[in-house]
Every structure is written in structure tokens, then in C-alpha cells.
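Asks: no FASTA, just this:
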């Protein structure tokens, strides 16, 4: 990952957050604290990447919503819950969607299927992504130096091993939370 971040810089952050989410923001902000990037640049790049990923799901759902639901078992299971949240809370759900673990993609899909106005969705999605990137980026940026002071040099393989391990822990926690939410959704039926 170091190669891609050093070679492509903020573009790599945009792509990583469009695909991966929180891991990209956390690791990139951690690197910003180490002097490789600027925090405002990481926040903007992460917000753009996060918003871009959700926009893709939104527009796919606007044009191919039924096929998306039929092809994705996970999305089909989460769809009723996301639909209920959107009906109950409206635009506020889109603003909070980046923070609702396990339902972000389902919420984008429901908004697309229900044909929310594209400009409205895009504006809410971008604000949500900016809040999300600011929260996680600032957190990692300020916690990063405390952790970094206890780590080997960034030129050391141990440093990059730690970053990969940290990203792995974040992914495992996210998967565990998704599993718990799915189990809860099944028991709520």
C-alpha cells in the first residue's frame, strides 16, 4: 500500500476510500500525522472517495435496482431495514448513512430505487462523507502521533506491518458488527 500511496498520493486515498471506507481514512490520516500528507487533503480526498462509492450504488439502483436486489442476498436482507429508516427519518438517514455500520450501501440503494432526486441525494451524501472523513481523519491524525511514538521508523517493515495489522483489525471489527446486525435483523422478523 505504501507504494500506491507514495506514487499516486491523494488519488490513491480517493480510490481506497471509495472501495474500503474507514480503513482508508484511518491509515491515510495516520500517515498524515507522520508527515506524508496534509490532514485537510486527506479529509477532502476521503470524503470524495466515500461519496463517490455511494454515488455509484445510488445510480446503479436508480437504473438497475431490481437486478441489484435479486443478485445480492445481503442487500436483499438489509433492504427492508434501510427502507424503514428512510421512510421514518428521510434525509437525516442519508446524512447519517456513513456512520450506520452495515447499512450504508443498502441506504444508497434504497434512495436510488425510490428515485430520490439526484441533486438532493448527492448534496446529502457529500455532506455525510465530509462529516465522516473529518471525524475519522481527525481522530486518527491526533491519536496517530501517540501510537507512532511507540512504533519503529516508517522506513521499517515493522511500521508497515503495524499499519496493515491495524487495517486488518478495523476490517474484522466491521465484519463482526455486520454479522451482529444481520443476526439482529433475523431475530427482529
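Replies: Nice, thanks for sending it over. Keep in mind that this is a model prediction, so the values were computed, not measured. Numbers count the residues shown, from 1 in each chain.

Asks: tell me, how many residues neighbour residue 92?
Replies: Counted by other Cβ atoms under 10 Å, the residues lying close to residue 92 total 12. Glycine gets a C-beta too; all of them are placed from N, C-alpha and C.

Asks: start the count at 411, not 1, going forward
Replies: Shifting the count to begin at 411 puts that one at residue 502.

Asks: distance from the stretch of helix or strand it belongs to to the middle of the chain?
Replies: In the assignment (DSSP states H and E), residue 502 maps to helix 501-506. Put simply, helix 501-506 sits 15 Å off its chain's centre (Cα atoms, centre = their mean, to the nearest Å).

Asks: tell me what it is packed against?
Replies: Using 3 or more Cβ pairs under 8 Å, 6 or more residues apart in numbering; DSSP states H and E as the contact definition, the elements that helix 501-506 packs against are helix 483-499, helix 514-523, helix 528-558.

Asks: report the contact partners of the spatially most central residue of the chain.
Replies: Geometric centre of the chain, nearest residue: residue 431, 2.8 Å, by Cα atoms, centre = their mean. Applying Cβ atoms under 8 Å, 6 or more residues apart in numbering to residue 431 gives the contacts 460, 463, 514, 584.

Asks: most neighbours, which of these?
Replies: Using other Cβ under 10 Å as the contact criterion, the top neighbour count among these goes to residue 460, which has 28 neighbours.

Asks: ok, now which ones touch that residue?
Replies: Contacts of residue 460 were listed using Cβ under 8 Å, 6+ apart, and they are 427-428, 431, 435, 508, 539, 542-543.

Asks: that one: which element?
Replies: In this structure, residue 460 sits in helix 449-481 according to DSSP H and E.

Asks: now the element after the helix-or-strand element of the chain with minimal mean pLDDT, going C-ward?
Replies: Lowest by mean pLDDT, DSSP states H and E among the helices and strands of the chain is helix 412-418, with a mean of 76. Scanning forward in sequence from helix 412-418 by DSSP H and E, the next helix or strand is helix 420-429.
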